[in-house]
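Enquirer: sequence first, predicted model second:
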Amino acid sequence: MRLYCATKNPGKLREFIEIVGDVQALPGLDAIPAPEETGETFEQNAIDKAIYYSRFCEGLLFVDDSGIEVDALGGAPGVYSARFAGPNATDEANNRLLFERMSGESNRRARYVCVVALAARGELLATFRGEVEGELLEAARGANGFGYDPLFHYPPFGRSFGEVSAEEKKQVSHRARALRRMREYLEQSEWSSHLEPTI
């Protein structure tokens, strides 16, 4: 049984393949109308999207919903991380708005959160959550990664996620933690024989 994901983000797809193994983007995803994201939590958004997109394939399908929570902003941007600066916001626009909102703020604590939802034929199988704690920088550092990575300082590394390699990031990232939990679930399930070794 195939394992599919529903994402148009090449950065995410690359991480999915590196951590989970044999993952394919959902065929025809560009032609499928995207569901409206109305959930107030990462869990609800991931669940809604996984159930919706899993109806378009015969295999297992997972979706992630992820973002950054900033303590000084009451947990914002949270589920609005990808569209913080507007419906079609770029990473640069989102980062710029976050800089503006955090101007003069001494509490820089933040965390990346990822929830992965796994579904089959319109039914939810399980969800998996991963988090990583850090702090926001006052200036972007590094050109690696995507999203808020250049702003997110990870103290154990002493660098931002924008400064670390993909190999380093996948050892500790929120998405990697959630995906590993999903892979462990699949390895212990009836679908284990369909998994390929991780890259």
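Expert: Nice, thanks for sending it over. Numbers count the residues shown, from 1 in each chain.
Enquirer: the top strand by length along the chain pairs with which strands?
Expert: Secondary structure of the chain per DSSP state E: the longest strand is strand 123-136. According to DSSP bridges, strand 123-136 has the following sheet partners: strand 109-120 (antiparallel), strand 152-154 (antiparallel).
Enquirer: packing partners for whichever helix or strand comes after the last one?
Expert: What that stands for is strand 152-154. Note on strand 152-154: by DSSP states H and E, the next helix or strand toward the C-terminus is strand 159-160. Packing partners of strand 159-160 (3 or more Cβ pairs under 8 Å, 6 or more residues apart in numbering; DSSP states H and E): strand 152-154. Placement of C-beta: from N, CA and C, glycine included.
Enquirer: what's the strand it packs on in contact with?
Expert: 68, 108, 110, 112, 132, 134-137, 141, 159-162, 164, 172 (Cβ atoms under 8 Å, 6 or more residues apart in numbering).
Enquirer: hmm, try it at 7 Å
Expert: 68, 110, 112, 132, 134-137, 160-161, 172 (Cβ atoms under 7 Å, 6 or more residues apart in numbering).
Enquirer: which element follows the worst-scoring helix or strand of the chain on mean pLDDT toward the C-terminus?
Expert: Every helix and strand in the chain was compared by mean pLDDT, DSSP states H and E; the lowest is helix 10-20, with a mean of 85. Going down the chain from helix 10-20, the next helix or strand is strand 24-25, by DSSP H and E.
Enquirer: how far is that next one from where the chain is centred?
Expert: From the chain centre to the centre of strand 24-25 is a distance of 16 Å (Cα atoms, centre = their mean, to the nearest Å).
Enquirer: quick one: strands adjacent to that strand?
Expert: strand 3-5 (parallel).
Enquirer: how far away is the residue nearest the centre of the chain from Tyr112?
Expert: The residue lying closest to the centre of the chain (Cα atoms, centre = their mean) is Ser66, at 3.9 Å. Distance, Ser66 to Tyr112, using Cβ to Cβ, to the nearest Å: 7 Å.
Enquirer: quick one: the least confident helix or strand of the chain to strand 109-120, angle?
Expert: 70 degrees (axes from the mean of the first three to the mean of the last three Cα atoms, to 10 degrees).
Enquirer: can you list the low-confidence ranges for the chain?
Expert: By pLDDT under 70, the low-scoring segments of the chain are 1, 190-199.
Enquirer: please redo it, this time with the cut-off set to 90
Expert: The chain contains residues with pLDDT under 90 at 1-2, 8-22, 36-38, 59, 88, 145-146, 166-167, 170, 186-199.
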